[in-house]
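Visitor: Provide a 3D model corresponding to the input given below.
(chains A, B, C and D)
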Protein chains: 4
Amino acid sequence: MLPDVTGATPTYARALAAEAVGTAMLLAAVVGSGIMGERLASGNVAIALLANALATGAALMALIQTFGPVSGAHFNPAVTVADAVQGGLPWNRVGGYVLAQVSGAFVGVMAAHLMFSEPLLAASMHERSGAAQVFSECVATFGLLLVMSGVSRSHAAGVPFAVAAYIAAAYWFTASTSFANPAVTLARAFTNTFAGIRPADVPGFLCGQVTGALVATVLCRWLEPLRPQPAEENHVSHR
Amino acid sequence: MLPDVTGATPTYARALAAEAVGTAMLLAAVVGSGIMGERLASGNVAIALLANALATGAALMALIQTFGPVSGAHFNPAVTVADAVQGGLPWNRVGGYVLAQVSGAFVGVMAAHLMFSEPLLAASMHERSGAAQVFSECVATFGLLLVMSGVSRSHAAGVPFAVAAYIAAAYWFTASTSFANPAVTLARAFTNTFAGIRPADVPGFLCGQVTGALVATVLCRWLEPLRPQPAEENHVSHR
Amino acid sequence: MLPDVTGATPTYARALAAEAVGTAMLLAAVVGSGIMGERLASGNVAIALLANALATGAALMALIQTFGPVSGAHFNPAVTVADAVQGGLPWNRVGGYVLAQVSGAFVGVMAAHLMFSEPLLAASMHERSGAAQVFSECVATFGLLLVMSGVSRSHAAGVPFAVAAYIAAAYWFTASTSFANPAVTLARAFTNTFAGIRPADVPGFLCGQVTGALVATVLCRWLEPLRPQPAEENHVSHR
Amino acid sequence: MLPDVTGATPTYARALAAEAVGTAMLLAAVVGSGIMGERLASGNVAIALLANALATGAALMALIQTFGPVSGAHFNPAVTVADAVQGGLPWNRVGGYVLAQVSGAFVGVMAAHLMFSEPLLAASMHERSGAAQVFSECVATFGLLLVMSGVSRSHAAGVPFAVAAYIAAAYWFTASTSFANPAVTLARAFTNTFAGIRPADVPGFLCGQVTGALVATVLCRWLEPLRPQPAEENHVSHR
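Guide: Predicted coordinates:
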């Protein structure tokens, strides 16, 4: 790849770093605020989830604004693949993005564990199984991709706010607390804290997420087929 | 209807789909977060309502940003009729909009029930009756239409934030927790959970909502009669 | 007054209506959410205040966006006088603004009481006295005017967000829960609910508010003396 | 320094006043809302921290919008030094900024104490020690500088929202509740309330903050080396 001398297009290496660091900070926020919430809430799970949802949404808003101009701020393999399907990210960069996201996610979980004096990694014992949970992940991911696609096409500056608000809401309105992200799901299998998920329940979550992403992508293509592509200067590039 | 080849004006079919999917996601958020809130809050209704209000407001903000450019993101027959009265939506599309909203609302309730392993539909036993409740719906809908009309005329990009904030606030400052939406009211009669309303109490709520909408529409016409119509490119079209 | 045929400048009558209706909705939000919070919070005052603060902030954000283009969305005699001092509102309109605000505030309290089946008006028995409370009102009003003046001069579209966030924060960081508004203070003397203030404690609050407003006005004039006046098209006119 | 006759560049004296008053209001918000939260929360620390985090984030958003155009709204020696390193603030103004921030921080703590009838200053007995706490401060400051640097380069108007959201989230996802600010840390050693820190634990916090700031500055220079400098008219100048 040629060096980026204009500064207009961030290079691929910087984009990978942005995806890795951004996903790490996101996981630190998800897992860390879950631990803090559970420790302080005196057993009232609603208060712990309220803190967890607000912290996740607020961190996500800040992180999308921070890394959007460098990498598009996907932090999520489902978003990356959907972006490629719609002609955004070149297909030969998808693998790198996903690898950066998954690696970053594990680093973020370890950072949260270090901050809260937990073991570096530990298999979760938090059961999240059953059809209702899988359907919840399907709905959660469907909605996330719908919001990202719709808002980024018409008003890219609104993406950080819309996505953050959607995720904070979906923590509450889905029975699975809306993982909606395969990289996040994998990494959360290795925290035995509030935000964890039993490794055995991961495949079901991934199925739900893939299904929801597929349905959303088809619907979006039909719903907004003729919209102009976002201009180059739009600083958040989910397309 | 002619095919939309420019992409500037979404076609009617896409607008109906946007109203249906958007209203479905809104109801999933309202009903789902109500169930989650009640299950986790250990009997503290204030904490459940806090979660319910924040999730509803956040989801609404994301959904208005998502579907605003396609359909105007009404999600509410009162908004649709007020829009038509003020010369926005053509009258021959009002019926389709309302049908899409009501159908979407029921689908959303069913989706929430599936996510939380509740019966698909069930008549609510949640009593919400009396003059104070009806007056609350009147105030809630009056305020909602005032906010929508005022903000969309002068600063359309602010509508998703203003409407979401207003509704989250009105969950708390009206005794009825601010349904403010006939389609939502009908569908919530069929969830026997936190967000439900006894079918027998629906007519009173609808009366309050219609009255509030009428008063707001008259006041808005007087308050801002000479304002320029929003330009075509305003992406949220409540007028 | 000449009729407003261009639509560019809202007439005085419409501005008065906007101040009255906006202040009424604000008081309905403050008092109504206080009642709801206290009724539902099972005695945990922090949860009631959290709901009260969030509802007040969110309603204020929506209302400033709604009525800003019509009247400047003062809703507060301290803001109106400070605006006149700085050459914004003509002095001969100050009396009308204040009258509209105080009348609206009482209507809003009565609306809240009707919604929650409370007596229409009742003298409050909620004691809020002592030097710490008065000093709190001084700090609260000082900060409010600083935020309004600073943000409206440089970035008027940010005013609804900055003011709403400031007030929600000040509910928590002042010992008086930040009334910061003489019209609001007078009207809240007549609600014997969560948001009330004993009539005997009103003069102290007003003293604190006037002092804070004076200090802020002097500081603002020194801090930003050379800033260009906001252009006519800025849609929120606190200057 | 020449007098500022154009109004385009605030003078240094006004910038120092903005840093002092802004940091004072920030500390009043942090300490005041901590006291209020603890007093009202009936022993549920999660609810107190929720109020503390929301009040801090909301106040910060309003204050950055208010003082950004005058001084850049640093309120934080780590931000000031990072800004100078990246060629923003001239080095000969760094000392003045830091002095204004530290003085303002102490005034803010005293104002909070006066509002809540606490002793004017008191050494804190709140222990916050150990490697996990120091690492938490490192992560918190790293993230803060990353967010500030990234957002201010590409979309300066988003800084108040991104920074406020980040800090509110970091209250929850770091074990130290994210001081992330040496001036704030020093001043909070002298409040024996919810937000306090034992003077003996201050050096560890400062070490963590300096380390995090260094790592973030290096990463930012690599991540965005070719980005155009923000235009002069960007009203918040963290570079």
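
Visitor: now do the buried residues in stretch A:123-135.
Guide: Of the residues in stretch A:123-135, those buried under the neighbour-count criterion (16 or more other C-beta atoms under 10 Å in any protein chain shown) are A:124, A:128, A:132-135. C-beta coordinates here come from the backbone N, C-alpha and C atoms, glycine included.

Visitor: now that stretch: how far from the chain's centre is it?
Guide: Taking C-alpha atoms, centre = their mean, to the nearest Å, one finds the center of stretch A:123-135 at 18 Å from the center of the full chain.

Visitor: still on that earlier bit, format the buried residues of stretch A:123-135 as TSV; extra columns: secondary structure.
Guide: TSV is the format used below for these (DSSP: H, G, I helix; E, B strand; the rest coil):
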residue	secondary structure
A:124	coil
A:128	coil
A:132	helix
A:133	helix
A:134	helix
A:135	helix
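
Visitor: now residue A:117: how far from chain B?
Guide: Distance, residue A:117 to chain B, using C-beta to the nearest C-beta, to the nearest Å: 26 Å.

Visitor: again but with residue A:130, I slipped
Guide: Distance of residue A:130 to chain B, given as C-beta to the nearest C-beta: 8 Å.

Visitor: okay, and for chain A, where does confidence drop off?
Guide: Scanning chain A for pLDDT under 70 picks out A:1-10, A:225-239.

Visitor: contact partners for the residue nearest to the spatial centre of it?
Guide: Geometric centre of chain A, nearest residue: residue A:76, 4.4 Å, by C-alpha atoms, centre = their mean. Residues in contact with residue A:76 (C-beta atoms under 8 Å, 6 or more residues apart in numbering or on different chains) are A:101, A:144, A:180-184.

Visitor: quick one, strands of chain A?
Guide: Assigned by DSSP state E, chain A shows no strands.

Visitor: the longest helix in it is where?
Guide: helix A:12-40 (DSSP state H).

Visitor: mind listing what's buried in that one?
Guide: A:12, A:14-38, A:40.

Visitor: for residue A:123, give me the backbone phi and psi.
Guide: Dihedral pair for residue A:123: phi -60, psi 130, per degrees, to the nearest 10.

Visitor: wait, it touches residue A:190, no?
Guide: Yes. Contact between residue A:123 and residue A:190 holds when scored by C-beta atoms under 8 Å: they sit 6.3 Å apart.

Visitor: among the contacts of residue A:76, which one lies nearest to residue A:164?
Guide: Taking C-beta to C-beta as the measure, residue A:164 lies nearest residue A:144 of the contacts of residue A:76, at 11.1 Å.

Visitor: distance check, the closest residue to the closest one other than its chain neighbours against residue A:156.
Guide: Nearest non-adjacent residue to residue A:144, counting by C-beta to C-beta, 6 or more residues apart in numbering or on different chains: residue A:180, 4.8 Å away. According to C-beta to C-beta, to the nearest Å, residue A:180 stands 20 Å off from residue A:156.

Visitor: same question for residue A:35.
Guide: For residue A:35, the distance to residue A:156 equals 34 Å [C-beta to C-beta].

Visitor: got the contact list for the closest residue to residue A:165 other than its chain neighbours?
Guide: Closest residue to residue A:165 apart from its sequence neighbours, by C-beta to C-beta, 6+ apart: residue B:58 at 3.8 Å. Going by C-beta under 8 Å, 6+ apart, residue B:58 touches A:57, A:165-166, A:168-169, B:164, B:168.

Visitor: now with 6 Å?
Guide: A:165, A:168-169 (C-beta atoms under 6 Å, 6 or more residues apart in numbering or on different chains).

Visitor: in helices, which of these fall?
Guide: Using DSSP H, the members of those that fall within helices are A:165, A:168-169.

Visitor: highest neighbour count among those residues?
Guide: Of all the ones in helices among the contacts of residue B:58, residue A:169 has the most neighbours under the rule other C-beta atoms under 10 Å in any protein chain shown, reaching 31 neighbours.

Visitor: quick check: that residue touching residue B:59?
Guide: Yes. Between residue A:169 and residue B:59 there is a contact under C-beta atoms under 6 Å: 4.0 Å.

Visitor: could you list which of the buried residues of helix A:12-40 also contact chain D?
Guide: Among the buried residues of helix A:12-40, the residues that sit close to chain D (C-beta under 6 Å from any C-beta of the partner chain) are A:14, A:25, A:28-29, A:32-33, A:36, A:40.

Visitor: out of those residues, who's nearest residue D:72?
Guide: Among these, and counting by C-beta to C-beta, the member closest to residue D:72 is residue A:25, at 23.8 Å.

Visitor: near chain B, which residues of chain A? Just list them.
Guide: So far as C-beta under 6 Å from any C-beta goes, chain A lies against chain B at A:44-46, A:50, A:132, A:135-136, A:143, A:147, A:150-151, A:154, A:158, A:162, A:165-166, A:168-169, A:172-175, A:223, A:226-227.

Visitor: weed out the non-buried ones from the residues you listed.
Guide: With burial judged by 16+ other C-beta under 10 Å, the buried subset of the residues of chain A next to chain B is A:44-46, A:50, A:132, A:135-136, A:143, A:147, A:150-151, A:154, A:158, A:162, A:165-166, A:168-169, A:172-175, A:223, A:227.

Visitor: how many neighbours does the residue of chain A found nearest chain C have?
Guide: Going by C-beta to the nearest C-beta, chain C is nearest to residue A:47 of chain A, at 9.0 Å. Residues lying near residue A:47 (other C-beta under 10 Å) number 27.

Visitor: so what's the spatially closest residue to it that is not a sequence neighbour up against?
Guide: Using C-beta to C-beta, 6+ apart and skipping the chain neighbours, the partner closest in space to residue A:47 is residue A:41 (4.3 Å). By C-beta under 6 Å, 6+ apart, the contact list for residue A:41 reads A:47-48, D:46.

Visitor: which ones among those lie within helices?
Guide: Residues of the contacts of residue A:41 located in helices (DSSP H): A:47-48, D:46.

Visitor: ok so, going back, for the ones next to chain D among the buried residues of helix A:12-40, which one is nearest residue A:81?
Guide: Among those, residue A:14 lies closest to residue A:81 (C-beta to C-beta), at 21.1 Å.

Visitor: next, the residue nearest to residue A:47: phi, psi?
Guide: phi -80, psi 10.

Visitor: kindly provide the distance from it to residue D:81.
Guide: Separation of residue A:41 from residue D:81 (C-beta to C-beta) stands at 37 Å.

Visitor: swap in residue A:126?
Guide: Relative to residue D:81, and taking C-beta to C-beta, residue A:126 is found at 42 Å.

Visitor: would you confirm that residue A:62 contacts residue D:166?
Guide: Yes. Taking C-beta under 6 Å as the definition, residue A:62 is a contact partner of residue D:166 at 3.9 Å.

Visitor: what ranges do the helices span in chain A?
Guide: Secondary structure of chain A (DSSP H): helices located at A:12-40, A:45-71, A:77-85, A:94-115, A:131-154, A:159-173, A:182-188, A:202-223.

Visitor: CA atoms of the fifth one as PDB?
Guide: In this case it means helix A:131-154. Only the C-alpha atoms of helix A:131-154 are listed here, as PDB (Å, rounded to 0.1, in the frame of the first residue of the first chain):
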ATOM      1  CA  ALA A 131     -34.600 -19.800  21.800                       C
ATOM      2  CA  ALA A 132     -35.700 -16.500  23.400                       C
ATOM      3  CA  GLN A 133     -32.100 -15.500  23.900                       C
ATOM      4  CA  VAL A 134     -31.200 -16.400  20.400                       C
ATOM      5  CA  PHE A 135     -34.200 -14.500  19.000                       C
ATOM      6  CA  SER A 136     -33.200 -11.500  21.200                       C
ATOM      7  CA  GLU A 137     -29.800 -11.400  19.600                       C
ATOM      8  CA  CYS A 138     -31.400 -11.600  16.200                       C
ATOM      9  CA  VAL A 139     -33.600  -8.600  16.900                       C
ATOM     10  CA  ALA A 140     -30.800  -6.700  18.600                       C
ATOM     11  CA  THR A 141     -28.400  -7.100  15.600                       C
ATOM     12  CA  PHE A 142     -31.200  -6.400  13.100                       C
ATOM     13  CA  GLY A 143     -32.000  -3.100  14.800                       C
ATOM     14  CA  LEU A 144     -28.300  -2.100  15.100                       C
ATOM     15  CA  LEU A 145     -27.600  -2.600  11.400                       C
ATOM     16  CA  LEU A 146     -30.800  -0.800  10.500                       C
ATOM     17  CA  VAL A 147     -29.900   2.200  12.600                       C
ATOM     18  CA  MET A 148     -26.300   2.200  11.400                       C
ATOM     19  CA  SER A 149     -27.200   1.900   7.700                       C
ATOM     20  CA  GLY A 150     -30.000   4.400   7.800                       C
ATOM     21  CA  VAL A 151     -28.300   7.100   9.800                       C
ATOM     22  CA  SER A 152     -24.900   6.800   8.000                       C
ATOM     23  CA  ARG A 153     -26.500   7.200   4.600                       C
ATOM     24  CA  SER A 154     -28.500  10.400   5.300                       C
END
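
Visitor: sounds good, over and out.
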